[in-house]
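Okay, here's the prediction I keep looking at, along with the sequence it came from:
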Amino acid sequence: MDHEENDFIRVSTARNERLLELSCLVGLSEQTDDIINVNENEILRRLNELEIQTLQGICKCQCSDWSKIRLILSKNNTHSDQSLDLKALVSETCLDGSVIFDMTDDEDLGLEEESPVSDWRRLPPGVHSNLLVCDSIFKLKSCRVFRNSFISRTYVGTESVLLNCGKVSASNCNYGKINISVGAESGGGRHLVLAAESTMIDVCRQLRGVYQTGLSSSIAQGVELNVLSNSCLIRNTDTVESVYMHERSSIQAATSVKKATLLPDSTIGSACIVSDALLQWNASIIDHSSVTEVLLMEQGHCGPNAIVASTVIGPDVHTSAGEIHASVIGPNTNSHHQSLLIGVLWPLGRGNVGYGANVGSNHTGRLPDQEAASGEGTFWGLSCVIKFPVDLTFSPYSIVAAGTTLPPQRICMPFSLIVGQPTGNEIIPGWVLQSSPYTLVRSEKKFATRRKAQRHDFYTGWKIFRPEVIDMCRWARKALVEGADGVKINGIGSNKLSDRAREIGVRAYKECIQRYALHGLLKWILQVTDVGNHPLDEKVLRYELLGKDSQKISSEDPSLTIQWPNFPWDLKDIEEWDFQRSLLLEEFPVDSNLSTWLEGLLKTLVRLEKDFARRIHKSKSRDDSRGKQTIPGYEQAHIAADKDPVIVEGQRMAEKIDLAVSELLGKLSSSTRSRL
């Protein structure tokens, strides 16, 4: 288990330990002894006559069998009368079955202002004005249980609040685990075994047929109790059934919540209907959303008005207004508008879903048994219609333009634009690289700065330009080059490809590959030598470039092999410089004069970087020019390209590389060059 996964293990262990403790208490309460040892410090005893009279008379409580009402006390208070405390802590409540009041002192939780129960601490603690409470356990000196209609099989912990709810009960509890089916809704499907602590790594292993044996298999069945741990809040919710709430989680004004596990700081909000749901840290379901059989990972958010079923929502994913069914939605994906996703396997996420996008044509007229595999960073444009099956996993960061109808196909052209035309869809391979690099630079910055899911950070921070993506570009370029003169081109699906679009793709992929490799070269040179004091030695250079085996990611053409691409965490042992070095030798064959070859490569990097910065500016300035010619006051309401932080950063990077290369070449003495 990776060190970074300790938080996942810790919360699972805490839940299991709590369930075992509560199970023990329930078992003890069923014994007939007047006084029972709970542990070395606490006992469980029945009420004495004065305590019963106090509850009946002053507190106006009712109970059919007072012998089943018990108190937890510290051993040094075993026989002390608790009438005064009960007088203040319990009132106007009908009790039935086994009810346990924990009268031991509570630890100081040091609640912060943003805690969901901070405002409710103004209420007096205790159990008050409930129609019926049965078979439950209360941390009586600090919990607040007010005006509920029916409470059964529920534990309310330290500083937790249960207020104005309808029926609160528990049955068939299996906390922290759900089984769902994604992909095909009928006629098959991909079955996932999910724990509340699952990661996208766990999910992707199962998509490949490798099932996890760790967290999910160790989950305790537990006792049939709702569990409100420390500082939890449930209020104004009609139906609550079988929920386990970790610290500071909340359910506020929902319609119905059944079979849910909420990890710390997660929340379910107004008028939501939720069942069979696992919410990780800081996840939320809000405002009239319907969520069924869903794992919502850390910082994942559903709502307002979202309908989500049989789906994995990855870390930092936001979905609202639309519908998602039988899907896997990877990290940093946004679906803010009315749209439809059915059977979409999108494990690497990082994409966007436009208004009216229909990525859900999974029904053939025979069965709803089709599915789509979406590539990392896909942009589904406004009102596009995607007919299944479709596979874009080898076309990361591609755009399906607004209004495009995409028939069933497999496309293996990264960074492409697919545009619907009256005569058939056209594809421009590498269009995003060539004509909209602003999109990629902004996305890279956004993925680095907006990730809030800290517990998933150890695997979600991958770069856009990395070995497996560059490898996809290599294969796409190869297919385009070989497809000249009317030869069938693999990887473009059923789309039309013009000669101009083919040339754009070849150039875009070539420059992307070379720029990536040359960045590695510059980084390596700056790391291994301080040119003023330790000149770059010919033997070091020759050994580094020519004396090592080349390292490639794959040897199979992705357009011919039906498989999942390499996931970023699969290749964490790959040395990036080794891969970049192999690209250098492939793109720039070494000539006899290493000095001239090295100087030429560094100058090529400067040229490519300046051109990349220019195209970033151009892609944004086009929007400025069009906006000024169309919308009154556009200039005053928008940041000009020259001041855009993404563009400024791109220009600064180009200048930094230019300066580094100039200093490097300037410091290489003529004697050093002659040795090379």
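Alright, I've got the coordinates.

May I ask which helix or strand encompasses the nearest residue to P467 once chain neighbours are set aside?
Among residues not flanking P467 along the chain, F579 sits closest, at 4.5 Å (CB to CB, 6 or more residues apart in numbering). For every residue, glycine as well, the C-beta is placed using N, CA and C. Using DSSP states H and E, F579 maps to helix 576-587.

roughly how far is that helix from the heart of the chain?
In terms of CA atoms, centre = their mean, to the nearest Å, the centre of helix 576-587 is found 32 Å from the chain centre.

Name the residues of it that come out as buried.
For helix 576-587, the buried set under the neighbour-count rule, 16 or more other CB atoms under 10 Å, comprises 576-584, 587.

now swap in stretch 599-607 and tell me
For stretch 599-607, by 16+ other CB under 10 Å, it's 599, 601-602, 604-606.

what does the domain assignment say about this protein?
Structural domains assigned to the chain are 10-169, 177-221+288-456, 457-675, following automatic domain parsing.

Quick one: mean pLDDT over the last one.
Meaning domain 457-675. Per-residue pLDDT over domain 457-675 has a mean of 85.

Equivalent analysis for the shortest one, please.
Mean pLDDT, computed over domain 10-169, is 92.

and that domain, how far out from the chain's middle?
Its chain's C-alpha centre and that of domain 10-169 lie 37 Å apart, by CA atoms, centre = their mean.

Could you do the last one as well?
Here the centre of mass of C-alpha atoms in domain 457-675, compared against the chain's by CA atoms, centre = their mean, lies 29 Å away.

low-scoring pLDDT stretches of the stretch 151-300 of the chain, where are they?
Residue ranges of the stretch 151-300 of the chain with pLDDT under 70: 210-222.

Tell me the helices and strands packed up against the helix holding F579.
helix 467-482, helix 499-528, helix 538-546 (3 or more CB pairs under 8 Å, 6 or more residues apart in numbering; DSSP states H and E).

re the thing from before, ok, so of the buried residues of stretch 599-607, who is nearest S160?
L605 (59.6 Å; CB to CB).

from the buried residues of stretch 599-607, which is closest to F101?
Using CB to CB, the buried residues of stretch 599-607 come closest to F101 at L605, 73.0 Å.

so who does that closest one touch?
L605 sits next to 515, 518-519, 521-522, 657, 661 when contact means CB atoms under 8 Å, 6 or more residues apart in numbering.

Highest neighbour count among those?
Neighbour tally across the contacts of L605 (other CB atoms under 10 Å): the maximum, 26 neighbours, falls on L518.

Next one: that residue from R607, what distance?
As judged by CB to CB, to the nearest Å, L518 and R607 stand 10 Å apart.

same question, S383
40 Å.

likewise Q434?
16 Å.

What is the end-to-end distance of stretch 390-401?
Counting by CA to CA, to the nearest Å, you get 16 Å between the two ends of stretch 390-401.

That stretch: how far from the chain's middle?
Using CA atoms, centre = their mean, the mean C-alpha position of stretch 390-401 is found 20 Å from that of the whole chain.

buried set for it?
Neighbour counts over stretch 390-401 (16+ other CB under 10 Å) mark 390-401 as buried.

got it, and stretch 644-654?
By neighbour count on 16+ other CB under 10 Å, the buried set for stretch 644-654 is 644, 646-647, 650-651, 654.

so of those residues, which ones are in helices?
Secondary structure from DSSP state H places 646-647, 650-651, 654 of the buried residues of stretch 644-654 in helices.

Quick check: the two most widely separated of these?
Taking CB to CB as the measure, these reach their widest spread between V646 and A654, a distance of 13.1 Å.

In this structure A660 contacts I525, no?
No - counting by CB atoms under 8 Å, A660 does not reach I525; the two are 9.2 Å apart.

Identify the residues contacting the closest residue to Q514 other than its chain neighbours.
Residue nearest to Q514 in three dimensions, not counting chain neighbours: E587, with 5.2 Å by CB to CB, 6+ apart. Listed by CB under 8 Å, 6+ apart, the contact set of E587 reads 510, 513-514, 517.

May I see the ChimeraX selection of the buried members of these?
Buried members of the contacts of E587, defined by 16+ other CB under 10 Å, are picked up in ChimeraX with:
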select :510,513,514,517
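
which one among the contacts of E587 gets closest to N362?
The shortest approach to N362 among the contacts of E587 belongs to I513, at 35.9 Å (CB to CB).

residues contacting that closest one?
470, 473-474, 477, 583, 587.

If we use 10 Å, what do you get?
Neighbour list for I513: 465, 470-471, 473-474, 477, 580, 583, 586-587 [criterion: CB atoms under 10 Å, 6 or more residues apart in numbering].

Dump those to CSV, plus distance to E556.
Listed next are the contacts of I513 as CSV, based on distance: CB to CB, whole Å:
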residue, distance to E556
F465, 22
I470, 16
D471, 10
C473, 15
R474, 12
R477, 16
Q580, 21
L583, 18
E586, 17
E587, 21
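
got the CA coordinates for the one helix or strand I201 maps to in CSV?
Using DSSP H and E, I201 maps to helix 200-207. Written as CSV, here are the backbone C-alpha positions of helix 200-207 (Å, rounded to 0.1, in the frame of the first residue of the first chain):
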residue,chain,number,x,y,z
MET,A,200,-9.6,5.9,-9.6
ILE,A,201,-6.7,3.5,-9.6
ASP,A,202,-8.9,0.8,-8.0
VAL,A,203,-11.7,1.5,-10.5
CYS,A,204,-9.4,1.3,-13.5
ARG,A,205,-7.9,-1.9,-12.3
GLN,A,206,-11.4,-3.3,-12.3
LEU,A,207,-12.1,-1.9,-15.8
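
Give the next helix or strand downstream of that helix.
strand 226-228.

List the neighbouring strands of whichever helix or strand comes after that next one plus their orientation.
Following strand 226-228 in sequence order, the next helix or strand is strand 233-235 (DSSP H and E). Here strand 233-235 is paired, per DSSP bridges, with strand 161-163 (parallel), strand 250-252 (parallel).

export these to JSON lines and tack on distance to R500?
Shown next, in JSON lines, are the strands paired with strand 233-235 (distance: least, CB to CB, whole Å):
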{"stretch": "strand 161-163", "distance to R500": "65"}
{"stretch": "strand 250-252", "distance to R500": "57"}
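
can you tell me the helix or strand for P414?
P414 belongs to no helix or strand when assigned by DSSP H and E.

Might one say that it is in contact with A479?
No - counting by CB atoms under 10 Å, P414 sits too far from A479 to count as a contact (11.5 Å).

intersection of neighbour lists for these two?
Shared contacts of P414 and A479 (CB under 10 Å, 6+ apart): 429, 491, 505, 509.

Now do the first one: how many residues are near it, please.
The reference is to P429. 35.

next one: the second one
The tally of other residues near G491 (other CB under 10 Å) stands at 26.

so what's it up against?
Residues near G491 by CB under 10 Å, 6+ apart: 394-395, 410-414, 416, 427, 429, 472, 475-476, 478-480, 483, 497, 557-560.

Same question for the first one.
Taking CB under 10 Å, 6+ apart, we find P429 in contact with 395, 398, 411-418, 473, 476-477, 479-480, 489, 491-492, 495, 497, 501-506, 508-509.

Over to the third one?
G505 makes contacts with 413-416, 427-431, 433-434, 473, 476-477, 479-481, 483, 489, 492, 497, as judged by CB under 10 Å, 6+ apart.

Lovely, talk soon.
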